[in-house]
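1. Pasting the sequence and the predicted model now:
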Amino acid sequence: MAIKYTVEEHAVAFVTKMLASTYGKHIYNIELTADRDNGNVVAKGDFIELDLYKDKASTDVAGVILDQAANGNWYVEVTEPGDGLLVYQVPLNYHESPRDLASIKTFYNEKGDVVRGYEMAKGDVIELSAKAFDGTPEKGKTLTVADYKWKVVTTVAPSTPGGNG
């Protein structure tokens, strides 16, 4: 007899270079309307009660991939914060699970959870794993946010003098 199981991987994010992580911007309590990974981007939605809001889709958020970190994650600089709030919740007690389940890559935030929404500022640098992106991350590529994920925008190569472009 054998048992097969798979563990779904999720995005990993770190907020250490965000202004909100040092109390320079707001950190809101956001109730999720769907499952969301750390590193997803939401906006402050409807007021529920004091210091608690629903999430909603963000607008006008943009960034650029600065470089790849030594651990394989990507450094993203926020170039336009729009109304974006970065979803980030510290995983709780993940060391008590079996090894495959204890990885930070298996952690996600469920619909109905209340998470921290870090208000983004121009110049913030966020560390994100490849799972946080819609598309393939590469140094120098620009980003927007669509469907709560960082969307990699293909950069158009500049035309050369005398060329057809």
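-> Okay, I see it.
2. Nearest the geometric middle of this protein, what residue?
-> Gly39 (1.8 Å; CA atoms, centre = their mean).
3. what's the weakest-modelled helix or strand in the chain?
-> helix 99-102 (a mean of 51; mean pLDDT, DSSP states H and E).
4. So for the helix or strand just after it, what gets flagged as buried?
-> Where DSSP states H and E defines the elements, the next helix or strand beyond helix 99-102 is strand 114-119. By neighbour count on 16 or more other CB atoms under 10 Å, the buried set for strand 114-119 is Val115, Arg116, Gly117, Tyr118, Glu119. All C-beta spots, glycine's among them, are computed from the backbone N, C-alpha and C.
5. just the strands in the protein please.
-> 13-17, 27-31, 41-49, 52-56, 62-68, 74-80, 85-88, 114-119, 125-128, 133-134, 142-146, 149-153 (DSSP state E).
6. I'd like these laid out as a markdown table, including mean pLDDT and distance to Val7.
-> Shown next, in a markdown table, are the strands of the chain (pLDDT from 0 to 100; distance: least, CB to CB, whole Å):
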| stretch | mean pLDDT | distance to Val7 |
| --- | --- | --- |
| strand 13-17 | 92 | 19 |
| strand 27-31 | 98 | 26 |
| strand 41-49 | 98 | 25 |
| strand 52-56 | 98 | 25 |
| strand 62-68 | 97 | 24 |
| strand 74-80 | 98 | 22 |
| strand 85-88 | 97 | 21 |
| strand 114-119 | 97 | 21 |
| strand 125-128 | 98 | 20 |
| strand 133-134 | 98 | 20 |
| strand 142-146 | 97 | 27 |
| strand 149-153 | 97 | 20 |
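7. Quick one, which of the ones you listed gets closest to Lys105.
-> strand 13-17 (11.2 Å; CB to CB).
8. What strands flank the closest one, and is each parallel or antiparallel?
-> Applying DSSP bridges to the sheet, strand 13-17 is found paired with strand 125-128 (antiparallel).
9. Could you export the partner strand as PDB, keeping only the C-alpha atoms?
-> Extracted in PDB, the C-alpha atoms of strand 125-128 (Å, rounded to 0.1, in the frame of the first residue of the first chain):
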ATOM      1  CA  VAL A 125      11.300  47.100  -1.700                       C
ATOM      2  CA  ILE A 126       9.500  43.900  -1.200                       C
ATOM      3  CA  GLU A 127      11.000  40.400  -1.500                       C
ATOM      4  CA  LEU A 128       8.800  38.000  -3.400                       C
END
